[in-house]
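In: I need the structure of the sequence given here:
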Amino acid sequence: MELENHLFTVSELNQIIKDVLESSFYSIQLEGEISNFRPASSGHWYFSLKDSSSNISVVMFKNSSYAVDFTPKDGMKVKVTGKLSLYSQRGTYQIICSKMTQFGEGQLLLMLEERKRKLASLGLFDPSIKKPLPRYPNRIGIITSHTGAALQDILRVLHRRHCLSNILVLPTSVQGVGAEKTIVKQLKKANKDRLCDLIILSRGGGSVEDLLPFSEESVVKEIYRSNIPIITGIGHEIDTTLSDYAADVRASTPSAAGEIATEGAEQLYNSVFNLKISLHQSIKVKISNIRSKIQIFDRDSVKRVLNSKIESSIISIDYLKKDMLNGITTNISRGKNSITQYINTIEALSPFKLFEKGYSWVTKDNRSILNQKINPGDTLEVKYKLGTIKTTVKENR
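Out: Prediction:
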């Protein structure tokens, strides 16, 4: 085939290159450091192998990954066996991996593990120093890239969970050279000016290298020094940085960080919402009961009920009137009897009663003579049944 005069289609050219690669590199061994490891739900593994200056894409299908006796992760140094192939749809070449063994931990993971031990020995990860999160923060500060998906994920969660707090975005670089400096700068600013009551430090997923700024000593120490509680939501569930160990609370994702920050507001909203529903239902029931009672009484039935009550009241009044008159009559009769008894008693005790028996009452100077000395010549007054007489004493015997 004369290549100079042949007009290839893209598919033809890719197929020729694929045949050449697979026939020339049908079984090769390659060593490198795993980067951007992405296990698919299908069971296939997708990742890159890199060294100090280059990287190459690798795919390991489900039937081959079963034979691997360890869990690959970013930063791990491995040896793979497979064939070189071309992914025609994208025109990129890759290693189809059939076997993988550990070649020793990558230098990056070793460095991070050593740094973790060092910072732990300084007490930066001590659980006893963790600060409690405010239940209803007045303002939440979000330190992340202002163009990243993490910010939108957090804002979406805050809106959905009825966040009552003001939101302050403190933009920063989240990967690359110098990113850790901008993160530290925003942490310092938030604390110095007391810009918020709670901080969310976040970014989306990535490789170990991408997340490296969040494992820098300067960032970890600044989190430790923060007077404001910090939630980290860095990467995905499988991603862990040293910032996560120093933070007051670690969330598995940016969205999860938003949920933790608004837990109090969400519970308050749910309580108010449930109370509203309960109150609404209670009012509806009461209104329904009142309507049912009202509907029972039409005009004629109301008239009958009122007439019945009026008749009952008239009868009750008549009975009360009769009882009252009987009571008055009885009381008058009792009073008359009492008066008659008093009169009889008084009359029985009256001295005039004695006059009828022949007795008289003798006085001197209008005083009874009982305790007086009577002398001849004294004038005495004698009261008897028929009247009063005066007499003079002639002599004492």
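
In: Output the below-cut-off pLDDT ranges for the stretch 151-300 of the chain.
Out: Low-confidence segments of the stretch 151-300 of the chain, defined by pLDDT under 70, are located at 266, 295-298.

In: which stretches of it form helices?
Out: Under the criterion DSSP state H, counting those that start in this stretch, the stretch 151-300 of the chain contains helices at 179-192, 208-211, 217-225, 242-246, 254-261, 263-296, 299-349.

In: Sticking with Gln102, tell me its helix or strand.
Out: Following DSSP states H and E, the helix or strand that holds Gln102 is strand 92-105.

In: Ok, Phe37 next?
Out: Going by DSSP H and E, Phe37 is in strand 28-39.

In: Could you identify the helix or strand that succeeds that strand?
Out: Past strand 28-39, further along toward the C-terminus, the next helix or strand under DSSP H and E is strand 45-50.

In: Could you tell me which strands that following strand is paired with, and in which direction each runs?
Out: Partner strands for strand 45-50, per DSSP bridges, with pairing direction: strand 28-39 (antiparallel), strand 55-60 (antiparallel).

In: returning to that earlier point: and of the helices of the stretch 151-300 of the chain, who's closest to Ser41?
Out: The stretch from the helices of the stretch 151-300 of the chain with the least distance to Ser41 (CB to CB) is helix 254-261; that distance is 19.1 Å. For every residue, glycine as well, the C-beta is placed using N, CA and C.

In: Okay, angle between the closest one and helix 263-296 too, please.
Out: Relative orientation of helix 254-261 versus helix 263-296 (axes from the mean of the first three to the mean of the last three CA atoms, to 10 degrees): 70 degrees.

In: Need the contact partners of helix 254-261.
Out: Residues from elsewhere that reach helix 254-261 (CB atoms under 8 Å, 6 or more residues apart in numbering): 133, 137, 140, 144, 150-151, 153-158, 161, 163, 165, 198, 200, 202-204, 231-234, 249, 251, 266.

In: Drop anything exposed from those.
Out: Of the members of the contacts of helix 254-261, the ones counted as buried by neighbours, 16 or more other CB atoms under 10 Å, are 133, 137, 140, 144, 150-151, 153-155, 157-158, 161, 163, 165, 198, 200, 202-204, 231-234, 249, 251, 266.

In: domain assignment for the chain?
Out: Domains of the chain are assigned by automatic domain parsing as 10-105, 111-261, 297-349, 352-392.

In: how distant is the longest one from the center of its chain?
Out: Pointing back at domain 111-261 there. 24 Å (CA atoms, centre = their mean, to the nearest Å).

In: swap in the last one?
Out: For domain 352-392, the distance between its averaged C-alpha position and the chain's averaged C-alpha position is 107 Å (CA atoms, centre = their mean).

In: Return the residues in contact with the nearest residue to Ala257 once chain neighbours are set aside.
Out: The shortest distance from Ala257 to any residue that is not its chain neighbour, by CB to CB, 6 or more residues apart in numbering, is 2.9 Å, and that residue is Gly233. Under the criterion of CB under 8 Å, 6+ apart, the neighbours of Gly233 are 150, 154, 200-202, 251-258.
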